[in-house]
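Participant: Pasting the sequence and the predicted model now:
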Amino acid sequence: MGNLLYVIAVILVIAWAIGFLGYHASGLIHILLVIAIIAVLLRVIRGAA
């Protein structure tokens, strides 16, 4: 389950980068980035514990 969370986070970061650099999309892209960062942080915190 942890690996799936990490993969989803990476996909969201890539989608944000494409959207931000390619389309200058609305706030939805930034929300996806925040979700991805939270997912990565949870993975790091749970992995360290």
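Facilitator: Arrived safely.

Participant: At which residues are the helices of the chain located?
Facilitator: Taking DSSP state H as the criterion, the chain contains helices spanning 2-22, 27-48.

Participant: pLDDT weak spots in the chain?
Facilitator: By pLDDT under 70, the low-scoring segments of the chain are 1-2, 20-27, 29, 48-49.

Participant: Contact partners for the spatially most central residue of it?
Facilitator: For the chain, A36 is the residue whose C-alpha lies nearest the centre (C-alpha atoms, centre = their mean; 1.9 Å). Shown in contact with A36 (C-beta atoms under 8 Å, 6 or more residues apart in numbering): 8-10, 12-13, 16. Bear in mind the C-beta positions are built from the backbone N, C-alpha and C, glycine included.

Participant: Any quick ChimeraX command for the buried ones out of the residues you listed?
Facilitator: In ChimeraX, a selection of the buried entries from the contacts of A36 looks like this (16 or more other C-beta atoms under 10 Å):
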select :9,12,13,16
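
Participant: Make TSV from the contacts of A36 and add distance to H30 to it.
Facilitator: Converted to TSV, the contacts of A36 look like this (distance: C-beta to C-beta, whole Å):
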residue	distance to H30
I8	17
A9	15
V10	17
L12	11
V13	12
W16	7
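
Participant: of the contacts of A36, closest to G47?
Facilitator: The closest of the contacts of A36 to G47 turns out to be A9 (C-beta to C-beta; 12.9 Å).
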